[in-house]
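Q: Provided below are the primary sequence and the corresponding predicted coordinates.
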Amino acid sequence: MAWSRVDASDAALFIALQGLRFDLVIVGLALIWPLFLTPILLTSSYGIKAWKFVLSIYIPLVVMFLLFLELLTPSFIAQFDARPNILFIEYWAYPKDIFATIWSAYRLELIVILTLVLITGFVVFRYVSHLLMLVTPVKFAVVIPVSLALLLICGMCIRSSFGTKPASPSTIARTTDGLLNELPLNSAYTVAYAAYEMGYEDSKRSPYSDMNAQLALEIVRREMHVEQAAFSRSLGGTWHTRTASKNWDTPKNLVIILAESLGADHVGSMGGPDVTPNVDALREQGWSFDQLYATGTRSNRGIEAILTGFLPTSSRSTVKLTKSQRDFYTIARSLKQAGYDTSFIYGGQASFENRRRFFSNNGFDLIVEEEDYVQPVYKGTWGVSDEDVFKRAHEEYIKTRDTPFFSLIFTSSNHVPFDYPEGRIELYDAEKKTVNNAVKYADYAIGEFVAMARQSDYWKDTIFLLVADHDSRMYGADLIPIKRFHIPGVIFGEGIVPRHDNRIVSQVDLAPTLLSLIGVSGVHPMPGRDLTTSAENVPGRAIMQFNGIQAYMEQDEVVVLQKDQSPKSFRYDGGRLIEISNPSMSLVEKAVAHATWATDTYQSGAYKVINTQIEKSHHAVQ
């Protein structure tokens, strides 16, 4: 079943070792409280009998539960190509249907599993009961060191890491095969982790309104400005066919440079200090979006918008949510199906914020992270320097290959505490570790990379996007600080006509625009607009999420949605929001519709690639 895939990946040893690691995580979780409490309770002659009885029941039940999950795992994998996960939890909401299905299709397996589990439970009960009979009261002087030692051991098992972050599914996501990324885990862990993630999920209704999902879909479709005939009747939702506006002789490569925390207020040509000469030059040489707005305030929100085109919700970004960890639509998936090599090149830990797991399972072939750099120029708090990242990216791009490539470069030097190598820039501020100096260094690294790229063979065949994930600081007296969502974005490369686009643009518009520019047509669900074909007279719009508040901006009018409150309407003067008394009800409807669509689409799974024919429909224009 799965062994052929394990064997082909040469990952058997890795899976076995990491499997042991996550088995210890579960053991630590299961035993931390009884091991910690047992020495304490055994000092009391009154409590010792009751505590022995509790342990004699608890330990066999835990063993039975763990064994039950592992024994049913092969059947679950055969059905869903995954370890028991959120589906396992959700199905318990329909006990009649699920038990009927299991009894019909897996009757023999169920009988065998239950028999083995019951026999094991009985044996463990007898064994544990026997051991507990030998336990006698202990002195209080022994309790404290023993309890602390046991607590420490269990804590180490649970954390299973000496790094800044504990072990997680993202830690061991090393392949593009979702099942192989889950095999090192145990099923108790995957079920528990799914339950943990569900605690952060939105409810099945939008927190901003009770708009009908079908009406919301119709409004979102209308605002995409796509011909009605392009929408897929069989796939539903926003799945539609888009034909690329460009037809190149050979498919164009695509490189996205996601610049950490580079808000518009840090860019010289956009009103910031004079610390970005290279970015300023690119804005004159390429297609610059002068009114581009981020969808959120965190890197994962920017990744979500730029890679998946998905609209923001009041929940965490889909990079971290449970239902988007496998088969969620990304442009990496489209491009991979179109014959592209795909890569994510980063200087820090790829497992941070669940990125490795999300990327590995949703279209990325190669992931480069901190541990992959040999003798980097500089290593700071967030990993190697931007110049190391760009140098590694350039080395990957100049490799001989028979296929085009798509790559996401994510910088990190412009992040508190602003670590970067000495001697690269003339300091703007006297103190080295300031945001202005960090931005100046980040700009220097971008300039060095573009200079290398211009001299390379891949330059003439590549379209580049430089865009920020978000601004560095989000503050202001308004309900939502719109000025802080303003970010730079510029598409450049051979064949891109220089222009300043003054339309209001959202990060979610970039992905469909890029596919069109590089000549890749196909079927996808992205609700963003293809800016290469969108009429100039169509009002631009941006959608922003901030601390549970969502804003929908069209021209200078803004609708602000707050949970369980009526929408508020404002006029945006470029710096502040001014409340208005005569709001456009049409705009309010659009705002509510987009928020409703995002929640409903995520919860229903309508953004997932559930049909292989969808993927096969993508093609690069030859």
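A: Great, that's in hand. Numbering: from 1, shown residues only.

Q: okay, now the unreliable bits of this structure?
A: 1, 93-94, 97, 176, 200-204, 611-622 (pLDDT under 70).

Q: who's in contact with Ala12?
A: Counting by Cβ atoms under 8 Å, 6 or more residues apart in numbering, Ala12 touches Val6. (Glycine included, C-beta is placed from N, CA and C.)

Q: wait, Phe492 sits on Trp287?
A: Yes. Taking Cβ atoms under 8 Å as the contact criterion, Phe492 and Trp287 are neighbours in contact, 7.3 Å apart.

Q: nearest spatial neighbour of Trp51, skipping sequence neighbours?
A: Leu41 (4.5 Å; Cβ to Cβ, 6 or more residues apart in numbering).

Q: can you report how many residues neighbour that neighbour?
A: 19 (other Cβ atoms under 10 Å).

Q: phi and psi next, for it.
A: Taking degrees, to the nearest 10, you get phi -70, psi -20 for the backbone angles of Leu41.

Q: contacts only, for it.
A: The contact partners of Leu41, by Cβ under 8 Å, 6+ apart, come to 47-48, 51.

Q: out of those residues, which comes closest to Thr400?
A: Trp51 (67.7 Å; Cβ to Cβ).

Q: so which bits of the helix or strand where the closest one lies are buried?
A: Remark: Trp51 resides in helix 48-80, with elements defined by DSSP states H and E. Residues of helix 48-80 classed as buried by neighbour count (16 or more other Cβ atoms under 10 Å): 48, 51-52, 55-56, 59-60, 62-64, 66-69, 71-73, 75-77.

Q: please apply the same query to stretch 278-296.
A: Buried residues in stretch 278-296 (16+ other Cβ under 10 Å): 278-283, 286-296.

Q: what would the contacts of Leu41 look like in JSON lines with distance to Leu118?
A: Formatted as JSON lines, the contacts of Leu41 follow (distance: Cβ to Cβ, whole Å):
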{"residue": "Gly47", "distance to Leu118": "30"}
{"residue": "Ile48", "distance to Leu118": "29"}
{"residue": "Trp51", "distance to Leu118": "25"}
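
Q: ok, of those, which one's closest to Arg499?
A: Once Cβ to Cβ is applied, the member of the contacts of Leu41 that ends up nearest Arg499 is Trp51, at 75.2 Å.

Q: doesn't Leu42 make contact with that closest one?
A: Yes. Proximity of Trp51 to Leu42 meets the contact threshold set by Cβ under 8 Å, at 6.9 Å.

Q: mutual contacts of these two, please.
A: By Cβ under 8 Å, 6+ apart, no residue touches both Trp51 and Leu42.

Q: what does stretch 258-266 rub up against?
A: With Cβ under 8 Å, 6+ apart as the criterion, stretch 258-266 contacts 270-273, 275-276, 279, 299, 302-303, 306, 408-415, 435-436, 439, 442, 446, 466-473, 483-484, 486-488.

Q: mind checking which of those residues land in strands?
A: When these are checked against strands (DSSP state E), the matches are 408-410, 466-468, 486-487.

Q: got a winner among those residues for most neighbours?
A: Highest neighbour count within the ones in strands among the contacts of stretch 258-266, by other Cβ under 10 Å: Ala468, with 28 neighbours.

Q: wait, what's in contact with that residue?
A: By Cβ under 8 Å, 6+ apart, the residues touching Ala468 are 258-263, 294, 302, 487-489.

Q: let's see that with 7 Å instead.
A: 259, 262-263, 294, 487-488 (Cβ atoms under 7 Å, 6 or more residues apart in numbering).

Q: of the contacts of Leu41, just say which sits nearest to Leu24.
A: Checking these against Leu24 with Cβ to Cβ, the nearest one is Trp51 at 24.8 Å.

Q: next, the contact list for that closest one, please.
A: Counting by Cβ under 7 Å, 6+ apart, the residues that Trp51 touches are 38, 41-42.

Q: dump those residues to a markdown table, plus distance to Asp327.
A: Converted to a markdown table, the contacts of Trp51 look like this (distance: Cβ to Cβ, whole Å):
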| residue | distance to Asp327 |
| --- | --- |
| Thr38 | 45 |
| Leu41 | 48 |
| Leu42 | 51 |
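
Q: which among the residues you listed gets closest to Leu24?
A: Thr38 (19.3 Å).

Q: would you say that closest one is within a strand?
A: No. If the criterion is DSSP: H, G, I helix; E, B strand; the rest coil, then Thr38 is helix and not within a strand.

Q: that one and Gln285, how far apart?
A: Here Thr38 is placed at a distance of 69 Å from Gln285 (Cβ to Cβ, to the nearest Å).

Q: tell me the SS of Ala393?
A: helix.

Q: compute the number of surrounding residues for the nearest residue to Met270 once chain neighbours are set aside.
A: Using Cβ to Cβ, 6+ apart and skipping the chain neighbours, the partner closest in space to Met270 is Ala264 (4.3 Å). Ala264 has 23 neighbours, counted by other Cβ under 10 Å.

Q: could I get the phi/psi values of Ala264?
A: Main-chain torsions, Ala264, degrees, to the nearest 10: phi -60, psi -30.

Q: next one: it from Asp471, what distance?
A: According to Cβ to Cβ, Ala264 and Asp471 sit 7 Å apart.

Q: quick one: common contacting residues for these two?
A: Here Ala264 and Asp471 share the contacting residues Ile487, scored by Cβ under 7 Å, 6+ apart.

Q: ramachandran angles for Val523?
A: phi -100, psi 130.

Q: tell me, how many residues neighbour it?
A: If we define neighbours as other Cβ under 10 Å, then Val523 has 21 of them.

Q: what pairs with it across the strands?
A: Legend: beta-bridge partners of Val523 under DSSP bridges are Thr241.

Q: that one touches Gly237, doesn't it?
A: No. The pair Val523 and Gly237 fails to qualify as a contact (Cβ atoms under 7 Å) at a distance of 11.4 Å.

Q: follow-up on the earlier one: quick one, which of the contacts of stretch 258-266 are buried?
A: Among these, the ones that count as buried by 16+ other Cβ under 10 Å are 270, 272, 275-276, 279, 299, 302-303, 306, 408-415, 435-436, 439, 442, 446, 466-472, 483-484, 486-488.
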